[in-house]
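# Take this sequence and fold it.
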Amino acid sequence: MLNIFCPHCGELRSEEEFHAKGQAHIPRPLDPAACTDAEWGEYMFFRDNPRGIHHELWVHAAGCRQYFNVTRHTVTYEILETYKIGEKPSVTATDAEKKSAVQPAVEKA
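All right, here's what the predicted structure looks like:
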């Protein structure tokens, strides 16, 4: 079971109180009426599905009912950070790639 920190309540709570709502940081078209069907379809249905670091939108459904963002590793399910909507994430996929690119030296026997 995961424990998730709600940045609005300031508490670490059980994952059962939360619901994932999809990819975070999806900009809404400024003028939806001017979008082509292809552009609107892209906005509505197509999302990234990365292996690794991913920013997701979550809601504290059984608590304060506020939406917030979660940075989660999709392979290990590790939650790296939670932050309020409008804030910038401090952990990005680029940061993770830099860390994994630097491997410790292996001694030969």
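
# do you know how far the residue nearest to Glu39 when sequence neighbours are not counted is from Lys21?
Distances taken as C-beta to C-beta, 6 or more residues apart in numbering place Pro29 nearest to Glu39, at 7.0 Å, with adjacent residues excluded. Just so you know, the C-beta spots here come from the backbone N, C-alpha and C atoms, and that holds for glycine as well. For Pro29, the distance to Lys21 equals 19 Å [C-beta to C-beta, to the nearest Å].

# Report the contact partners of the residue lying closest to Asp48 once chain neighbours are set aside.
Spatial nearest neighbour of Asp48, excluding adjacent residues (C-beta to C-beta, 6+ apart): Gln23 at 6.0 Å. Gln23 makes contact with 47-48, 54-57, according to C-beta atoms under 8 Å, 6 or more residues apart in numbering.

# at 7 Å instead, please
Taking C-beta atoms under 7 Å, 6 or more residues apart in numbering, we find Gln23 in contact with 47-48, 56-57.
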